[in-house]
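Engineer: fold the following and give me the result.
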Amino acid sequence: MPLMYSCGCCSLKAGNMVCCILILIEMVINLVIYVYGVLQLLMEKPNLDEELYIGMEVAYYVLIGLFVIVMVMTSIYFCGAVKGHPGLLVGWIVTLVIYMVLELAATVYLTYIYHNFLGGLENNIFALSLLIWYILRTLLHMLYLMSAVSQYQEITEKQKKIHRHRMLQDSEEHGV
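Structural biologist: Reported below is the predicted structural model:
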């Protein structure tokens, strides 16, 4: 039984297609923001220990790579949502969960560095806006996950009904 039967005011299928488009837009925005963050980091060379500086670079690069992976998987998810293929939905659901966990770790690390070593969040508008942007996106990702899981459940239920109907027809045809 699906978690949700509709996505807002439209069907799960239409809602998931809208979610795909929104995620792709979000990932493009993320790429722009985090590439700017890396460029800012490389140009300013903040006064940090080498390990912390490298850690910040790695966190930014991991996030940028994740954004690209999520964009690719979202394109595949879009096909799964349109064609009703549950396997393509599962791949995206797993990818988004992994992405959310890794993004949480990177965001906590970057926030820690900005807060403790680079003058605090209140003095760094870029870091504060990254944190607020992350929180808003995480709330949206939870909705996207619920919608995708619901469509997966809906599709698999339909497939099971079709399979049971065919089995019943075959048994009637063969006199079983």
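Engineer: next SSE downstream of the worst-scoring helix or strand of the chain on mean pLDDT?
Structural biologist: Confidence across the helices and strands of the chain bottoms out at strand 6-7, with a mean of 60, counting by mean pLDDT, DSSP states H and E. Downstream of strand 6-7, the next assigned helix or strand under DSSP states H and E is strand 10-11.
Engineer: buried residues in the next helix or strand after that next one?
Structural biologist: Downstream of strand 10-11, the first helix or strand assigned by DSSP H and E is helix 12-44. Applying a neighbour-count criterion of 16 or more other CB atoms under 10 Å, the buried positions in helix 12-44 are 12-13, 15-20, 23, 26-27, 30, 33-34, 37-38, 41. To be clear about C-beta, it is placed using only N, CA and C from the backbone, and glycine gets the same treatment.
Engineer: can you check stretch 111-129 too?
Structural biologist: For stretch 111-129, burial by neighbour count (16+ other CB under 10 Å) applies to 111, 113-115, 118, 121, 127-128.
Engineer: looking at those, spot the one nearest L168.
Structural biologist: T111 (57.4 Å; CB to CB).
Engineer: quick revisit: which of the buried residues of stretch 111-129 fall in strands?
Structural biologist: Among the buried residues of stretch 111-129, no member falls in strands (DSSP state E).
Engineer: could you point out the longest helix in this protein?
Structural biologist: helix 125-173 (DSSP state H).
Engineer: can you give me the mean pLDDT across that one?
Structural biologist: Computed over helix 125-173, the mean pLDDT rounds to 87.
Engineer: from the contact counts, what lies against that helix?
Structural biologist: Packing partners of helix 125-173 (3 or more CB pairs under 8 Å, 6 or more residues apart in numbering; DSSP states H and E): helix 12-44, helix 50-83, helix 86-117.
Engineer: sorry, back to before: pipe the buried residues of stretch 111-129 into TSV and attach distance to L89 per row.
Structural biologist: Below are the buried residues of stretch 111-129 laid out as TSV (distance: CB to CB, whole Å):
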residue	distance to L89
T111	32
I113	36
Y114	36
H115	38
L118	40
L121	37
A127	35
L128	35
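Engineer: farthest pair in those residues?
Structural biologist: Once CB to CB is applied, the buried residues of stretch 111-129 give I113 and L128 as the farthest pair, at 13.3 Å.
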